[in-house]
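S.K.: sequence first, predicted model second:
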Amino acid sequence: MKIAVSYSKITEESAKDGDFSEVGWEDEDGREVDNVEEAVEFLQSEGVMEPSCSCPRVGVWYDTEGQMDMYTGETTIRSYHLKGFTPEQELKIYKKLFPQYASECKTRILDKI
């Protein structure tokens with residue numbers, strides 16, 4: 001099981017266009033984790049703030065709050081993508097990170113990928 005990291009950068013100019021100035025992978029191979037608890041600890045330590053979807057489902061990723069470079073004004077958001085987890089493990093991770101969302105909607109994590 002791994003957690004891959006992508007990034008999105010926003011500049012003043014790209015924000016005016018409603019787009020990112022740059023997107024890519026910071027760690028496409030991903031960091032190896034042994035279990036759900038380790039994945040949750042890692043995601044919390046990285047500062048994830050929100051899931052990509054307000055209802056659990058397969059393929060949800062987790063975003064950090066944007067970090068602004070004080071010299072350039074460029075903002076970087078990091079996104080964490082689960083790789084090699086079972087649907088049940090993804091659901092456990094989601095519920096541990098965001099119980100307020102998980103309890104408010106029907107679980108769709110077992111939907112087809």
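M.R.: Received the coordinates, thanks.

S.K.: now name the helix or strand holding Glu13.
M.R.: For Glu13, the element it lies in under DSSP states H and E is helix 12-16.

S.K.: pull out the buried positions in that helix.
M.R.: By neighbour count with 16 or more other C-beta atoms under 10 Å, helix 12-16 contains the buried residues Ser14. (C-beta placed from N, C-alpha, C; glycine too.)

S.K.: can you map out the strands along this structure?
M.R.: Counting by DSSP state E, the chain has strands at residues 2-10, 22-32, 48-51, 61-64, 67-68, 75-83.

S.K.: how near is Ser8 to Ser79?
M.R.: Separation of Ser8 from Ser79 (C-beta to C-beta, to the nearest Å): 7 Å.

S.K.: repeat that for Glu28.
M.R.: Using C-beta to C-beta, we find Glu28 at a distance of 12 Å from Ser79.

S.K.: who's more crowded, these two?
M.R.: Set Glu28 next to Ser79 and count neighbours by other C-beta atoms under 10 Å: Ser79 wins out with 18 against 12.

S.K.: verify the contact between the more buried one and Phe20 for me.
M.R.: No - look at Ser79 against Phe20 with C-beta atoms under 8 Å: they stay out of range, at 11.4 Å.

S.K.: now do the contacts for the residue nearest to Thr72 when sequence neighbours are not counted.
M.R.: The shortest distance from Thr72 to any residue other than its chain neighbours is 7.7 Å, reached at Thr11 (C-beta to C-beta, 6 or more residues apart in numbering). By C-beta atoms under 8 Å, 6 or more residues apart in numbering, Thr11 lies in contact with Ser21, Thr72, Gly73, Glu74, Thr75.

S.K.: export the residues you listed to TSV and append columns for neighbour count.
M.R.: TSV is the format used below for the contacts of Thr11 (neighbours: other C-beta atoms under 10 Å):
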residue	neighbour count
Ser21	15
Thr72	10
Gly73	11
Glu74	17
Thr75	19
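
S.K.: just those now: which is nearest Val48?
M.R.: Set against Val48, the nearest of these by C-beta to C-beta is Thr75 (16.3 Å).

S.K.: low-confidence ranges, the chain, go.
M.R.: 102-113 (pLDDT under 70).
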